[in-house]
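[1] attaching a predicted model along with its sequence, questions to come.
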Amino acid sequence: MSLFAGQNRDALREAWRSAWRRQGDGLPLEPLQVQMVDLIGLHPEYHALMSAVAPADSPSAANAFLHLGLHLALREQLVTDRPRGIAAVHRRLGAAGSDAHDVEHRMIEVLAQTLWEAQRAGRMPDEQLYLEALRRL
């Protein structure tokens, strides 16, 4: 079962914060927590939010968790190469000399736009349109 399965917003946010605390305390991490901690580590602007005793409930906190979640989703897409061809797009962008984290940021902008458009239209995201937009990067 997924660490995130069936969780509400607060539980999802606590999963991120818990992974960060466990890492800080030197406790063992599940493989997904390792990925989460890696992503948080790449975003020092989120460290205080993850370490806070009381979770923030603000637009900036929501954006932080959304941003990290998009990174995690993109990394899953890259590992599974779904939609087929996304891993090649990532390799091409990385080969152009861009920093790997910057490449992810460019790609998650497209992912976020794709998800927003699908939600607005009340439909599932179109993988082919998403991939086409990524190829234009």
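    That came in fine, so what should we check first? Numbers count the residues shown, from 1 in each chain.
[2] which residue ranges make up the domains of the protein?
    1-56, 81-137 (automatic domain parsing).
[3] out of these, nearest to His71?
    Comparison of the domains of the chain against His71 by Cβ to Cβ identifies domain 1-56 as nearest, at 4.9 Å. Bear in mind the C-beta positions are built from the backbone N, C-alpha and C, glycine included.
[4] could I get the average pLDDT for the closest one?
    For domain 1-56, the mean per-residue pLDDT is 87.
[5] on that earlier part again, now render the domains of the chain as JSON lines, adding mean neighbour count and distance to Leu66.
    Written out in JSON lines, the entries for those read as follows (neighbours: other Cβ atoms under 10 Å; distance: least, Cβ to Cβ, whole Å):
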{"stretch": "domain 1-56", "mean neighbour count": "14", "distance to Leu66": "10"}
{"stretch": "domain 81-137", "mean neighbour count": "14", "distance to Leu66": "8"}
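[6] out of these, nearest to Leu74?
    Between Leu74 and the domains of the chain, the shortest separation by Cβ to Cβ is 5.3 Å, and it involves domain 81-137.
[7] how long is that closest one end to end?
    Looking at domain 81-137, the gap from its leading to its trailing residue is 17 Å under the measure Cα to Cα, to the nearest Å.
[8] quick one: that domain to chain centroid distance?
    Centroid separation between domain 81-137 and its chain, computed with Cα atoms, centre = their mean, to the nearest Å, is 12 Å.
[9] cool, stretch 66-86 as well?
    8 Å.
[10] who's in contact with the residue nearest to the spatial centre of the chain?
    For the chain, the residue lying nearest the average C-alpha position, counting by Cα atoms, centre = their mean, turns out to be His71 (2.2 Å). Taking Cβ atoms under 8 Å, 6 or more residues apart in numbering as the contact definition, His71 lies against Leu39, Leu42, Glu104, Ile108.
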